[in-house]
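Peer 1: need a structure here:
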Amino acid sequence: MSVKKTQIVLIITALILFVLLFIAPKIAPIINTEGNENSINKSKTSFNNADLSIYLNLAEKSLDLEKKKKIDKLISKSKFDSCVIFWDELKRPDIAAYYSEKLAEKENSAETWLKAGNRYYYAVQFIKDKTEIPALYQSAAKCFEKSIVISPDNVDAKIMLASCYIEGSDNPMEGIKKLKEIEKTDSVNLKLQLTFAFFSVKSGQLDKAINRFNNVLKIDSNYIEAYLHLADAYEQLGDKIKTIEMLEKYSAKTTDPTAKIEITKYIQQLKNK
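Peer 2: Next comes the predicted model:
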């Protein structure tokens, strides 16, 4: 069993699902997360001229008569929170995000705008029609920007906005610039360090990723999932000794018996290679 498969087992036991949904990037832009523009491979998407209406219309047309009547009734009463639940149940997180934005427009708080942005951002990994990606990132960025207007010190919204630029625009370095600006005043922000770490992994900069995950542990020594990501990075680098060391550190700290068993099995496989 590889480290990645071990992580999947742990995800099933809900140990690191939060980590993956919390910040892990879905697309791998080839960028230098420390700001070297020579390493950029710009994406083909842009925040300009993206529109979700076509996907919304198609989703509504796919409904049977009973469901169509139900959603129309919810919309007519501006019950957008119920609309979110409706589309979540139909496994359409992109459309649920649209109504989450409607709810944010209604309540107009930094928190609801941030939630709407997060819904758009994380919907990317679940959609089947990849042509929708630009619209999702644009919509996410718009929501994060509105959250920041209401709450200028909202660091989470700033980090997520930067992530939209990195993953979903034709100017990823603008996103890196935004992250570096945050780091100047908030270098011990856990989410910021995770963002840098995951983008480094996605772009193949494993040495930088290792540094960032170590920063995470310095900030929060109880954030033991970092050891799994460190193990994965070291394994990709071919460093078996460090891979085993990180897995052993994780196993020593976790209280989950299933995790301990899976980790022990994999460590033994590594030692027998």
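
Peer 1: for the stretch 151-273 of the chain, what spans make up the helices?
Peer 2: 155-168, 172-185, 190-202, 206-219, 225-236, 240-253, 257-272 (DSSP state H, counting those that start in this stretch).

Peer 1: how about low-confidence regions in the stretch 1-150 of the chain?
Peer 2: 1-50 (pLDDT under 70).

Peer 1: can you give me the helices for it?
Peer 2: 3-12, 17-22, 53-61, 65-76, 80-89, 93-107, 110-123, 133-150.

Peer 1: in a markdown table: these, plus mean neighbour count.
Peer 2: (Each C-beta comes from the backbone N, C-alpha and C, glycine too.) Listed next are those as a markdown table, based on neighbours: other Cβ atoms under 10 Å:
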| stretch | mean neighbour count |
| --- | --- |
| helix 3-12 | 16 |
| helix 17-22 | 14 |
| helix 53-61 | 13 |
| helix 65-76 | 13 |
| helix 80-89 | 18 |
| helix 93-107 | 21 |
| helix 110-123 | 23 |
| helix 133-150 | 22 |
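
Peer 1: of all those helices, which one comes closest to Gly238?
Peer 2: helix 3-12 (12.8 Å; Cβ to Cβ).

Peer 1: okay, now the domains of this structure?
Peer 2: Segmentation of the chain into domains, based on automatic domain parsing, reads 1-41+173-255, 43-170.

Peer 1: distance to Lys273 added to the ones you listed, as a markdown table?
Peer 2: Converted to a markdown table, the domains of the chain look like this (distance: least, Cβ to Cβ, whole Å):
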| stretch | distance to Lys273 |
| --- | --- |
| domain 1-41+173-255 | 7 |
| domain 43-170 | 32 |
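
Peer 1: in this structure Ala96 contacts Ser82, no?
Peer 2: No: the pair Ala96 / Ser82 is not scored as a contact, 10.9 Å apart, by Cβ atoms under 8 Å.

Peer 1: what's stretch 130-144 in contact with?
Peer 2: With contact meaning Cβ atoms under 8 Å, 6 or more residues apart in numbering, stretch 130-144 is reached by 27, 45-48, 50-52, 55, 94, 97-98, 101, 104, 113-114, 116-118, 120-121, 123-124, 127, 157-158, 160-161, 164-165, 167-169.

Peer 1: now do Ala123 against Pro93, distance only.
Peer 2: As judged by Cβ to Cβ, to the nearest Å, Ala123 and Pro93 stand 4 Å apart.
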